[in-house]
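# what shape does this take:
(2 chains)
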Amino acid sequence: DAKTTQPPSMDCAEGRAANLPCNHSTISGNEYVYWYRQIHSQGPQYIIHGLKNNETNEMASLIITEDRKSSTLILPHATLRDTAVYYCIVLNDKIIFGKGTRLHILP
Amino acid sequence: DARVTQTPRHKVTEMGQEVTMRCQPILGHNTVFWYRQTMMQGLELLAYFRNRAPLDDSGMPKDRFSAEMPDATLATLKIQPSEPRDSAVYFCASGLVQGRSGDIQYFGAGTRLSVL
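Numbering: from 1, shown residues only, chains lettered A, B, ... in the order given. Modelled structure (predicted):
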């Protein structure tokens, strides 16, 4: 079973920051948090991952709380092309995808 | 631009027929994964290989499914005999696993299978 909890759907206005939350209260000390997204009928795409510290790359930022029980993926300036299902995953032995959050970007 | 290549992209077959799906992982990657995606079940991990050796196939129905890596450039997923409930999109992914932080997976475009 997936070790994460995400809201099933979210809306965000185009050009605004999209903040996608993820709860992983049972995470262990050496488990990483990974984020992937899946645009309709394509294969999932890696976005970012982290262990303890906040991370940023060209796609997004990842904020992990100090107790590591939750995290937030931030898309700083959402565009219509960011419409997708976003998966938050805690990597143990293997990746298990949950239901994810369906993000709708509103024009 | 390196990418995972899956063939065929679409397959329509009749119940009872054998289906073979192929995957060419990214050159240099040491781990290959097979997933199945349906509306009801979402993305399910079927099996994965590291350095061509099967590590976990617990998600795969053993009676009809088989996965192999005949060489480092080819992974296959075979269904024999196929059933309508096997209709799904099958994704292959590859990655270069080097400890806990190197588990980024790169997915192919998938094979959309319809079993009539």
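
# rest of the way, CA atoms for contacts and neighbours
Fine.

# test my guess that A:L103 contacts A:V85.
Yes. If you go by C-alpha atoms under 8 Å, A:L103 and A:V85 touch, sitting 6.0 Å apart.

# what sits closest to the residue most central in space within chain B if chain neighbours are left out?
Per C-alpha atoms, centre = their mean, the C-alpha nearest to the average position across chain B is that of B:W34, at 2.9 Å. Nearest residue to B:W34, sequence neighbours excluded (C-alpha to C-alpha, 6 or more residues apart in numbering or on different chains): B:C92, at 4.7 Å.

# the one you found contacts B:L43, correct?
No. Using C-alpha under 8 Å as the test, B:C92 is too far from B:L43 to be in contact (11.5 Å).

# show me which residues of chain A sit near chain B.
A:31-32, A:42-46, A:95-99 (C-alpha under 8 Å from any C-alpha of the partner chain).

# if you set the cut-off to 7 Å instead, what comes out?
A:42-46, A:97, A:99 (C-alpha under 7 Å from any C-alpha of the partner chain).

# buried sites along stretch B:91-110?
B:91-96, B:101, B:103-110 (16 or more other C-alpha atoms under 10 Å in any protein chain shown).

# those: which two are farthest apart?
Greatest spatial distance among these (C-alpha to C-alpha): B:S101 and B:G110, at 25.3 Å.

# now do the residue of chain A at minimum distance from chain B against B:R112, distance only.
Using C-alpha to the nearest C-alpha, the closest approach of chain A to chain B is made by A:G43 at 5.1 Å. Counting by C-alpha to C-alpha, to the nearest Å, the separation of A:G43 from B:R112 is 11 Å.

# ok, how many other residues are close to the residue nearest to B:A72 when sequence neighbours are not counted?
In space, and not counting its chain neighbours, B:A72 is closest to B:R52: 6.5 Å by C-alpha to C-alpha, 6+ apart. Residues lying near B:R52 (other C-alpha atoms under 10 Å in any protein chain shown) number 18.

# alright, I will stop here.
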